[in-house]
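>>> The following block contains a protein sequence and its predicted model.
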Amino acid sequence: MSEQENMGGARRAMPTAISRRHALATGAAALSAPFIARPAFAASRNLRILCWEGYAEPEWLDPFKEEFDADVSISYAGSVDEMFAKMQGSQGADFDLISVDTSGFDRYIGAGLIAPLDLAKIPNSANLSPAFQDLPVLMRDGKQYGIPFAWGSLPLVYDKAQFDAAPESWEVMWDPANAGKLIALDDANNSVTLAAMVLGLDDPFNLTDAQFDMVKEKLIAQKRLLLTYFAGFDEGVNIFANSGVKAMFSMGEPQVAGLRDLGVDAAMAIPSEGAIGWLDCWEVSAGAEDVDLAYAWVNACLSKEVGTILSDDKSYGNAVNEEANTRNGFTYADQLVFLEAPEDFDKRVTVWNEVKAAL
């Protein structure tokens with residue numbers, strides 16, 4: 001078990017990563033230079049992005065818009081299921097770019113929703129840290145479909161004031177003593193994966209029918225103890241802070257910072273069973289209207305300046321600046337079970353819906 005109470009050590013408190021509505025005063029000025037040397041596009045272009053909160057921040061969004069004289073429309077997803085539904089609804093035609101983690105590649109590629117990448121159009125891909133280069137999980141039939149951007153975990157987040165010590169097991173989320181004081185992420189794939197990990201199943205991404213039954217039973221048992229499920233960073237933080245919650249299956253490290261901003265003495269833990277690790281990538285939609293502008297955005301996001309801000313100010317691990325990762329405490333990747341494509345995503349959604357409908 002590894003407790004991550006101060007990811008940046010004594011150097012700094014956890015940043016206000018959950019409040020993604022204000023830029024640092026010097027952010028745009030500091031990042032204007034990395035965007036200047038690129039070819040100019042025609043005026044009034046529009047880039048449509050579907051992503052997670054924190055991935056299109058003013059610190060790099062504003063200089064991008066200025067350099068390319070472009071409008072950028074941002075749509076935020078509250079869960080992986082919602083993101084897929086939005087893409088599937090228009091066969092990708094509503095968006096130029098999305099940010100999907102590695103577990104979703106088979107699903108999106110199979111549905112024809114994302115296009116192979118041309119790395120020659122992403123010169124900043126040379127900045128990728130060795131750990132994020134040449135990843136087989138990004139490849140299908142010799143073609144690369146995504147490029148790493150941010151990584152982290154779905155840790156156990158808890159209120160230190162309500163525990164004598166950091167919880168050592170995820171079973172705290174199944175402890176009747178905590179009934180009505182627990183919340184969990186409303187996410188089919190991740191919930192099934194975590195339950196499989198807690199049950200000690202060998203491969204949480206490839207379950208047999210019998211194992212699905214075990215997972216379903218485990219999740220229904222948890223549901224009976226939960227205050228509620230949540231979707232989205234802010235919703236989870238607000239419910240936790242305003243309802244006396246003790247612990248949650250969280251959406252990620254930034255929720256610790258959000259809780260601290262609301263007065264909760266929050267911390268995160270990687271329990272003995274491990275935690276789910278995620279690697280979010282940028283993908284070009286198969287329905288992209290302005291492909292060149294989409295590539296320009298991906299290239300801008302892979303600058304080391306953006307990587308630094310992503311870790312220093314937003315509490316995410318980044319894919320291009322290892323020094324920033326180290327000083328911010330993103331050193332526990334070896335305790336994570338990184339997401340893979342599941343055996344049957346639709347079945348996981350069906351099981352999850354049955355869990356939520358259970359009495």
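Structure's in. What do you need? Everything quoted here is computed from the prediction, not taken from an experiment.

>>> Longest helix in this protein, please.
If you go by DSSP state H, the chain has its longest helix at helix 209-223.

>>> In its sheet, which strands sit next to the helix or strand that that one is followed by, and in what direction?
Toward the C-terminal end, the helix or strand that comes next after helix 209-223 (DSSP states H and E) is strand 228-230. Paired with strand 228-230 in the same sheet, following DSSP bridges, are strand 182-185 (parallel).

>>> avg pLDDT for the strand it pairs with?
Strand 182-185 shows a mean pLDDT of 98.

>>> neighbouring contacts of that strand?
Contact partners of strand 182-185, identified using Cβ atoms under 8 Å, 6 or more residues apart in numbering, comprise 79, 154, 173, 191, 222, 225-231, 236, 239-240, 243, 245-251. Where C-beta positions appear, they are placed from N, C-alpha and C, glycine not excepted.

>>> Buried ones among these?
Those of the contacts of strand 182-185 that meet the buried threshold are 79, 154, 173, 191, 222, 225-227, 229-231, 236, 239-240, 245-251, by 16 or more other Cβ atoms under 10 Å.

>>> With adjacent residues omitted, what lies nearest to G200?
E273 (7.6 Å; Cβ to Cβ, 6 or more residues apart in numbering).

>>> In contact with the one you found: list those residues for me.
So E273 contacts S169, W170, M197, V198, G200 (Cβ under 8 Å, 6+ apart).

>>> Specify which member of those is nearest to M83.
When the contacts of E273 are ranked by distance to M83 (Cβ to Cβ), M197 comes first, at 22.9 Å.

>>> what are the phi and psi angles of that closest one?
Note on M197: backbone dihedrals following degrees, to the nearest 10 are phi -60, psi -40.

>>> do the same with P271
phi -70, psi 180.

>>> That one contacts P167, correct?
Yes - at 6.3 Å, P271 and P167 qualify as touching, with contact defined as Cβ atoms under 8 Å.

>>> Check the offset of stretch 62-74 from the chain's centre.
Centroid displacement of stretch 62-74 relative to its chain, using Cα atoms, centre = their mean, to the nearest Å, is 23 Å.

>>> Looking at H22 now. What's its pLDDT?
28.

>>> nope, E5 is what I was after
At E5, pLDDT is 43.

>>> do E283 as well
On pLDDT, E283 comes in at 98.

>>> What of G27?
30.

>>> Return the helix or strand in the protein with minimum mean pLDDT.
Within the chain, no helix or strand scores below helix 27-31, which has a mean of 32 by mean pLDDT, DSSP states H and E.

>>> Quick check: buried residues in stretch 341-353?
A341, P342, F345, R348, V351, W352.

>>> Just put these in JSON lines and tack on pLDDT, secondary structure and distance to K181.
Below are these laid out as JSON lines (pLDDT from 0 to 100; DSSP: H, G, I helix; E, B strand; the rest coil; distance: Cβ to Cβ, whole Å):
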{"residue": "A341", "pLDDT": "87", "secondary structure": "coil", "distance to K181": "34"}
{"residue": "P342", "pLDDT": "91", "secondary structure": "coil", "distance to K181": "30"}
{"residue": "F345", "pLDDT": "89", "secondary structure": "helix", "distance to K181": "31"}
{"residue": "R348", "pLDDT": "96", "secondary structure": "helix", "distance to K181": "27"}
{"residue": "V351", "pLDDT": "98", "secondary structure": "helix", "distance to K181": "25"}
{"residue": "W352", "pLDDT": "98", "secondary structure": "helix", "distance to K181": "22"}
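
>>> mind putting these in TSV, distance to L128 included?
Formatted as TSV, those follow (distance: Cβ to Cβ, whole Å):
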residue	distance to L128
A341	21
P342	26
F345	27
R348	30
V351	36
W352	33
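
>>> in the stretch 101-250 of the chain, which spans are strands?
For the stretch 101-250 of the chain, applying DSSP state E, counting those that start in this stretch gives strands covering 114-115, 139-140, 143-144, 147-154, 156-159, 182-185, 228-230, 247-249.

>>> where in this protein is pLDDT low?
By pLDDT under 70, the weakly predicted segments of the chain are 1-43.

>>> And the helices in it?
Counting by DSSP H, the helices of the chain are 27-31, 58-68, 80-89, 105-110, 188-198, 209-223, 233-242, 254-261, 291-301, 304-312, 322-327, 345-357.

>>> between those helices, which gets nearest to A161?
Among these, helix 254-261 sits nearest to A161 (Cβ to Cβ), with 11.4 Å.

>>> Now find how far off-centre that closest one is within its chain.
Relative to the chain's own centre, helix 254-261 is displaced by 15 Å; criterion: Cα atoms, centre = their mean.

>>> Using CSV, write out every CA atom in it.
In CSV, the C-alpha atoms belonging to helix 254-261 read as follows (Å, rounded to 0.1, in the frame of the first residue of the first chain):
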residue,chain,number,x,y,z
PRO,A,254,-6.9,16.2,-9.1
GLN,A,255,-9.9,15.4,-6.9
VAL,A,256,-7.7,15.5,-3.9
ALA,A,257,-6.8,19.1,-4.6
GLY,A,258,-10.4,20.0,-5.2
LEU,A,259,-11.4,18.5,-1.9
ARG,A,260,-8.7,20.4,-0.1
ASP,A,261,-9.9,23.6,-1.6
